[in-house]
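Asker: need a 3D model of the sequence below.
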Amino acid sequence: PSPLLGWLHGGSASWLQVVGGLVLFGVGESMSMTPVMDDMMASCGEHADASVNSLSSVLAASFSLGQMVGPVIGTALTSRFTFPWACTAMA
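Answerer: From the prediction side, this is the model:
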């Protein structure tokens, strides 16, 4: 519900637009994050088999850190600004 896109949806976003945006976001994220592990293993070259445990740990730690930091930043932005502007900043 970005205030910058008020002209697009007439001032208030319908639930269908919000759900559609979340679906597109989920599909795009899954398509971009799936090949990350293969790319990380390819960058290790001949040591890929020995470093698969370390690589999966780094990937899991990155996801966990993002899941922790994202809501903290979002909450700080929402308390400082209004919810629509915090959503715009996080996007």
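Asker: low-confidence bits of the protein, can you list those?
Answerer: Applying pLDDT under 70 to the chain picks out residues 1, 6-13.
Asker: using CSV, write out every CA atom in stretch 76-91.
Answerer: Extracted as CSV, the C-alpha positions of stretch 76-91 are listed here (Å, rounded to 0.1, in the frame of the first residue of the first chain):
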residue,chain,number,x,y,z
ALA,A,76,11.6,0.9,13.7
LEU,A,77,10.4,2.5,10.4
THR,A,78,6.7,1.9,11.3
SER,A,79,7.1,3.6,14.7
ARG,A,80,8.9,6.5,13.1
PHE,A,81,6.7,6.9,10.0
THR,A,82,3.3,5.6,9.1
PHE,A,83,2.7,2.1,7.9
PRO,A,84,2.3,2.9,4.2
TRP,A,85,5.6,4.9,4.1
ALA,A,86,7.4,2.1,6.1
CYS,A,87,6.2,-0.4,3.5
THR,A,88,7.5,1.9,0.7
ALA,A,89,10.9,2.2,2.4
MET,A,90,11.2,-1.6,2.9
ALA,A,91,10.2,-2.3,-0.7
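Asker: what's it in contact with?
Answerer: Here stretch 76-91 makes contact (C-beta atoms under 8 Å, 6 or more residues apart in numbering) with 1-4, 70, 73-74. Glycine gets a C-beta too; all of them are placed from N, C-alpha and C.
Asker: and these as JSON lines, adding neighbour count?
Answerer: Shown next, in JSON lines, are those (neighbours: other C-beta atoms under 10 Å):
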{"residue": "Pro1", "neighbour count": "15"}
{"residue": "Ser2", "neighbour count": "14"}
{"residue": "Pro3", "neighbour count": "11"}
{"residue": "Leu4", "neighbour count": "10"}
{"residue": "Gly70", "neighbour count": "11"}
{"residue": "Ile73", "neighbour count": "13"}
{"residue": "Gly74", "neighbour count": "15"}
